[in-house]
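Colleague: mind folding the following:
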Amino acid sequence: MVAAFSAAYTAWTMPSLIGIVFAIVLPLLMLRLPLTGVVLVAVLAQEIRPNGRFGELTTLGHQLFFGSGKIPVVLPLAVTAALAAAVRWWPPRHLRLRSAGGVLLGLAGALVLLAVGSGLVHGQSVFSAVNQNARPFVLLVLGLVTGMSLRWLPDDQKWLARAAGGALVGLLVAAAIAIPLGEIADDRLSAYFVFYDSALPAIAAAVFLGMLGGWRWDWRHMSVAVAAPLLVVFSFRRSVWLAVLVVLVAVLVVAWSRWRPMIQQLAFAGLVVTVVVFSAPGLAADIGLRSVGSFELGGSSEPVASGQWVTPSKPAPTGAPAATGQPPATSRPSATGQPPGTSRPSATGGPAAPTGVPQPPGQAPPPKPANPPAGSGRPAPGPQSADHQAASTSGHISDLRVGWDHVRAHVWTGVGPLAPQLSGLTADKAERVYVHNELLQNWLRYGPAAPALVVLFLTVAGLMALARLRDPGSDVVVRSAAAFCLIAPLCFMTAPFLSETSRWPLLTGVAVGILAHRARASTESGRA
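Modeller: Numbers count the residues shown, from 1 in each chain. Sure thing, here's the model as predicted:
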């Protein structure tokens with residue numbers, strides 16, 4: 001019945017050919033391979049709105065997160081998968097509430113109740129409180145249930161790693177086609193950065209780290225081992241890069257017994273990535289400019305919120321030069337740095353809108369320029385790219401200071417989930433309070449209990465992740481889940497991905513659930 005509702009809702013919220021295909025294929029996939037289906041959706045679908053500026057690949061599958069309905073399609077799909085997985089082990093056998101899985105489910109459930117209760121106290125309806133406040137935490141619970149069911153899903157045990165690896169290789173092939181066509185994420189940064197949603201490079205990095213020391217030298221394993229780091233390069237999310245470096249050190253330390261194959265595989269992947277970076281015209285320079293900008297501070301910028309650009313506080317008037325000092329663009333740069341001769345049409349079929357920026361859910365897009373100057377193609381990214389990154393870095397750091405000041409002013413109650421954006425925070429066009437930090441945002445919206453629950457949840461998950469990385473019996477799926485559970489908390493410190501998106505909490509729940517499943521299996525085998 002839930003699968004039928006999921007199919008009907010998908011067809012209704014996406015009245016198109018792709019909606020019909022999704023309505024038929026996805027619920028059946030969730031019923032047949034619930035864990036593999038959820039992971040495939042999380043890997044392939046990008047949680048970012050199209051606006052006529054981004055390439056098609058950047059917003060691939062966005063309909064699952066943004067549609068005409070108030071509920072994203074991914075939610076009923078996740079419910080279908082969780083119920084299909086739970087049926088395989090129902091009634092529960094040897095269920096222990098004091099197990100790691102029981103503790104994690106309790107913490108995630110407490111976050112749901114806290115978000116709903118806070119909304120009701122502040123005047124929201126039950127539906128609004130669940131859908132607007134608690135939905136990410138509901139997805140966290142659904143992911144947990146699905147991941148913890150792995151031991152009862154033999155088909156998923158067979159197909160999960162293959163499907164995830166194949167999806168990553170497919171996305172890299174698609175990126176290699178999209179780059180020469182100029183179908184990129186942000187032409188202010190590079191003609192090579194295809195993907196924008198930070199969840200994808202986090203997945204790719206986790207898979208690569210999970211493979212270290214355990215993959216064979218055949219074409220399948222080598223393809224994924226090359227595709228994963230290249231996807232991280234073509235996404236180039238600074239928080240993910242930093243998190244990966246930290247987690248890589250942790251992996252090398254806790255899994256020192258496998259250091260020889262790990263070093264060999266790192267050397268192989270590093271050599272291939274280095275050759276690609278220095279062979280592609282301008283790619284090394286673009287990476288250098290973005291890296292330099294990440295360590296410098298600048299003025300105000302167009303900040304990132306939930307993987308999407310937020311309208312700047314003082315947008316340039318129509319026809320005026322952009323804040324970066326570049327003229328308004330009517331075309332997109334190709335991978336060679338030269339813009340094509342004609343402008344790219346918008347996602348709605350109208351004129352090109354290169355100066356538009358994607359908006360957070362529920363916010364209207366900015367007006368498009370009526371008559372952009374003819375022939376004013378955007379030059380290839382240069383020093384302005386570093387300036388843009390410096391300004392973004394400054395905005396994120398400023399949010400930590402300003403957000404903490406607001407927390408100290410409302411320590412015990414927060415400001416509530418319906419409170420408008422607070423003064424001084426970077427995302428000044430957000431409809432409700434938004435801070436570039438998971439803990440500060442949760443504190444301001446729901447009070448001090450919310451960040452405490454999040455910290456406890458991430459701590460338990462992190463300890464399990466370190467144990468599974470150290471365990472020589474862990475397979476690539478378990479080690480990849482462990483790497484993701486260590487990468488995610490570092491990314492949450494730069495943006496509230498856990499409570500503001502759908503993709504991150506679902507992935508986090510699945511990864512932590514897999515670890516909880518493995519922890520219980522290890523305990524039972526030890527007792528035996």
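
Colleague: quick one: end-to-end length of stretch 45-65, please.
Modeller: Length of stretch 45-65, first residue to last, CA to CA, to the nearest Å: 8 Å.

Colleague: then stretch 142-157?
Modeller: Counting by CA to CA, you get 18 Å between the two ends of stretch 142-157.

Colleague: buried stuff in that stretch?
Modeller: Burial within stretch 142-157, assessed by neighbour count using 16 or more other CB atoms under 10 Å, is assigned to 142-153, 156. (C-beta placed from N, C-alpha, C; glycine too.)

Colleague: show me what contacts the closest residue to A225 other than its chain neighbours?
Modeller: Nearest in space to A225, with sequence neighbours left out and distances taken as CB to CB, 6 or more residues apart in numbering, is A269 at 5.2 Å. With contact set as CB atoms under 8 Å, 6 or more residues apart in numbering, A269 has these partners: 208, 225-226, 229.

Colleague: apply 10 Å and report the result again.
Modeller: Applying CB atoms under 10 Å, 6 or more residues apart in numbering to A269 gives the contacts 208, 211-212, 222, 225-230.

Colleague: same thing with P496?
Modeller: Here P496 is in contact with 136, 305-306, 433-442, 445, 454, 504 (CB under 10 Å, 6+ apart).

Colleague: tell me the average confidence for stretch 59-72?
Modeller: Mean pLDDT, stretch 59-72: 90.

Colleague: which of the contacts of P496 lies closest to Q264?
Modeller: Within those, proximity to Q264 (CB to CB) peaks at W504, which comes in at 32.4 Å.

Colleague: what sits against the residue nearest to E438 when sequence neighbours are not counted?
Modeller: Using CB to CB, 6+ apart and skipping residues adjacent in sequence, the residue nearest E438 is F492, 3.8 Å away. The contact partners of F492, taken as CB under 10 Å, 6+ apart, are 239, 243, 437-439, 441-442, 454, 458, 498-499, 504, 508.

Colleague: want to throw the residues you listed into CSV with pLDDT and neighbour count?
Modeller: Formatted as CSV, the contacts of F492 follow (pLDDT from 0 to 100; neighbours: other CB atoms under 10 Å):
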residue, pLDDT, neighbour count
S239, 88, 22
A243, 93, 26
N437, 95, 21
E438, 97, 26
L439, 97, 24
Q441, 96, 27
N442, 97, 27
V454, 98, 23
L458, 97, 22
L498, 96, 26
S499, 95, 26
W504, 97, 29
T508, 98, 30
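
Colleague: possible to save those residues as TSV with distance to S16 and secondary structure?
Modeller: Output for the contacts of F492, formatted as TSV (distance: CB to CB, whole Å; DSSP: H, G, I helix; E, B strand; the rest coil):
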residue	distance to S16	secondary structure
S239	34	helix
A243	36	helix
N437	37	coil
E438	34	helix
L439	39	helix
Q441	34	helix
N442	36	helix
V454	37	helix
L458	38	helix
L498	31	helix
S499	30	helix
W504	27	helix
T508	30	helix
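
Colleague: thinking again about what came up before, just the pLDDT for the residue nearest to E438.
Modeller: For F492, the pLDDT comes out at 96.

Colleague: how about the one 5 residues further on?
Modeller: Note for F497: predicted pLDDT of 96.

Colleague: would you map the strands across this structure?
Modeller: 304-305, 308-309 (DSSP state E).

Colleague: ok so, going back, separation between the residue nearest to A225 and P76?
Modeller: 38 Å (CB to CB, to the nearest Å).

Colleague: for burial, what's the neighbour tally of the nearest residue to L458 once chain neighbours are set aside?
Modeller: Excluding the flanking residues, the one nearest L458 by CB to CB, 6+ apart is P489, at 4.7 Å. Here the number of neighbours of P489 (other CB atoms under 10 Å) works out to 21.

Colleague: which residues does P489 contact?
Modeller: Listed by CB under 10 Å, 6+ apart, the contact partners of P489 are 243, 438-439, 454-455, 457-459, 461-462, 465, 498, 508.

Colleague: any idea which of those residues is closest to S235?
Modeller: For the contacts of P489, the closest approach to S235 (CB to CB) belongs to A243, at 12.7 Å.

Colleague: for the spatially closest residue to P72 that is not a sequence neighbour, phi and psi?
Modeller: Spatially, and ignoring its direct neighbours in sequence, P72 is nearest to F65 (4.9 Å; CB to CB, 6+ apart). Dihedral pair for F65: phi -110, psi -30, per degrees, to the nearest 10.

Colleague: any idea how far L507 is from F65?
Modeller: 13 Å.

Colleague: which one's more surrounded, the two?
Modeller: Neighbours were counted for F65 and for L507 using other CB under 10 Å; L507 has more, 28 against 22.

Colleague: was I right to think the more buried one contacts V207?
Modeller: No: if you go by CB atoms under 10 Å, L507 and V207 don't touch, sitting 11.8 Å apart.

Colleague: check the contact lists of the two and give me the overlap.
Modeller: In contact with both L507 and V207: 43, 481, 484, using CB under 10 Å, 6+ apart.

Colleague: so for R135, what's the pLDDT?
Modeller: Listed pLDDT for R135 reads 97.

Colleague: and for it, the neighbour number?
Modeller: Around R135 there are 22 residues (other CB under 10 Å).

Colleague: now do the same contact list for it.
Modeller: Here R135 is in contact with 70-72, 74-75, 112, 115, 129, 499, 501-502, 505 (CB under 10 Å, 6+ apart).

Colleague: please pick the buried ones from those residues.
Modeller: Of the contacts of R135, these count as buried by 16+ other CB under 10 Å: 72, 74-75, 112, 115, 129, 499, 501-502, 505.

Colleague: so which of these comes closest to L83?
Modeller: After measuring the buried ones among the contacts of R135 against L83 - CB to CB - the closest member comes out as L75, at 12.7 Å.

Colleague: pretty sure the closest one contacts L506?
Modeller: Yes: between L75 and L506 there is a contact under CB under 10 Å: 9.1 Å.

Colleague: joint contacts of these two?
Modeller: Common neighbours of L75 and L506 (criterion: CB under 10 Å, 6+ apart): 138-139, 142.

Colleague: between those residues, which sits nearest A82?
Modeller: The nearest member of the shared contacts of L75 and L506 to A82, counting by CB to CB, is L142 at 4.3 Å.

Colleague: report pLDDT for the residue positioned nearest the centre of the chain.
Modeller: The chain has A199 as the residue nearest its centroid, 2.2 Å off, counting by CA atoms, centre = their mean. For A199, the model assigns a pLDDT of 96.

Colleague: shouldn't it be in contact with S235?
Modeller: Yes: at 9.5 Å, A199 and S235 qualify as touching, with contact defined as CB under 10 Å.

Colleague: and the residue nearest to A225, how close does it get to Q132?
Modeller: 42 Å.

Colleague: do the same with F278
Modeller: Taken as CB to CB, the span from F278 to Q132 is 47 Å.
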